[in-house]
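1. what follows is a predicted protein model with its sequence.
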Amino acid sequence: MRVFSGIQPTGRAHIGNLLGAIHQFTDLQNRADCLFCVVNLHALTLPQDPAALRADTLQMAALYLACGIDPRRSTVFVQSHVAAHAELAWLLGCEATYGELGRMTQFKDKAAGRDSVSLGLFAYPVLMAADILLYAATHVPVGDDQRQHLELTRDLAVRFNARHGEAFVVPEALIGQAGARVMSLQNPAEKMSKSAADPASRIELLDGPDTVRAKIRRAVTDSGREVRYDRTAKPAVANLLEIFSLLSGEAIPALEARYGDSGYGRFKQDLGEAVVAALDPIQRRHEELIRAPDHLEAVLADGARRAAALADPMLRTVNERLGLPG
Ligand code: AMP
Ligand code: TRP
């Protein structure tokens, strides 16, 4: 089992990233050969400030380690450090069609309302497919929003193999059950996201305790005062219950039994403390890693070396299949 996944460095990572993606990563590294990448080339699909992008890239790598990814077990690296990603993306882009890329819902969402849309934004899923196929990954842990991109990756792998001869492993998405879709604290119909304008809609992994408490206090709830898990009738409370359960390790029925009739006030207060307690060790480790970046930089240099050693033979095979001289 070979696992690959990536997170973009831009904006601030939030508890949706932690529960939908990173928790799966830390679990998988105990039983699979794992690569975890900070996908900074993907960030360039929208305008970026260079200094901020550099800082955010290191910050995201530090968060991987702070959240429990162990560089002795997993390969942790930065996408732009391994040139093969961009090279394979070009080659795969010649297999992908305009029609299928135009059907990607994330592209449609991100392109909506812009007067100019870059080729990079359109080709984003092709670069993602290259990330995965380069390493012959068998499994790709992601949140629910990446399901369509994984399907495209599989289609491209199958198509390439059929046209040019076996080169790629066809990967499977690993979409966790609980946590796969953490919703906004301000609108339970939308997923929690790095790019939402209102920071109160998400809890960032580096939010301080008072910010966390205030955001939970301000989180929208549903009508009535009963704390009950019902995704349809009580979507906001159901989302808060899921977050509480995943971060504290307590089952949802136990939480319903404790808070069911006591109103939203006490529930939110205890949830705030549970989130603060879950984030505290992550923030301490993150702070240490950023304060003395030598260790982190060494981890990333070693990760890039290991990743390139896996990517190079795959790129050679693909070049050979396509008739490009070696
Ligand atoms: P992104 O924030 O788009 O870079 O996503 C990084 C990873 O976190 C991907 O695997 C996403 O599917 C996952 N993710 C992002 N937002 C959420 C969310 N609200 N709930 C669960 N998983 C998420
Ligand atoms: N597109 C993913 C996201 O927005 C990030 C990503 C890039 C990724 N390359 C990947 C995820 C490869 C899994 C595997 O979340």
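-> Thanks, I have the structure now. Since the structure is predicted, the reported quantities are computational estimates derived from the model, not experimental observations. Ligands and ions are numbered 1, 2, ... in the order given.
2. need the pLDDT of residue 223.
-> We have a pLDDT of 91 for residue 223.
3. if you could redo that for residue 121, that was the one I meant.
-> Residue 121 is assigned 97 on the pLDDT scale.
4. can you give the contact residues for the helix or strand harbouring it?
-> Here residue 121, judged by DSSP states H and E, is contained in helix 119-134. By Cβ atoms under 8 Å, 6 or more residues apart in numbering, the residues outside helix 119-134 that reach it are 4, 6, 37, 39, 41-42, 44-46, 79, 84-86, 88-89, 91-93, 96, 101-102, 104, 106-107, 110-111, 140, 149, 152-153, 156-157, 168-169, 171, 310-311, 314-315. From N, CA and C alone the C-beta is placed, and that goes for glycine too.
5. can you say which of those residues are buried?
-> Neighbour counting by 16 or more other Cβ atoms under 10 Å classes 4, 6, 37, 39, 41-42, 44-45, 79, 84-85, 88-89, 91-93, 96, 101, 104, 107, 110, 140, 149, 152-153, 156-157, 168-169, 171, 310-311, 314-315 among these as buried.
6. for ligand 2, tell me which of these show up nearby.
-> Applying Cβ under 6 Å from any ligand atom to the buried ones among the contacts of helix 119-134, one finds that 4, 6, 39, 42, 140, 149 fall near ligand 2.
7. any chance of those residues in TSV, plus pLDDT, distance to residue 55 and secondary structure?
-> Output for those, formatted as TSV (pLDDT from 0 to 100; distance: Cβ to Cβ, whole Å; DSSP: H, G, I helix; E, B strand; the rest coil):
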residue	pLDDT	distance to residue 55	secondary structure
4	98	25	strand
6	96	18	strand
39	98	16	coil
42	97	17	helix
140	96	27	strand
149	98	27	helix
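8. what residue ranges in the stretch 101-250 of the chain score low on pLDDT?
-> The model of the stretch 101-250 of the chain has pLDDT under 70 over residues 178-179.
9. can you give me the strands for it?
-> In the stretch 101-250 of the chain, the strands defined using DSSP state E, counting those that start in this stretch lie at 139-141, 172-174.
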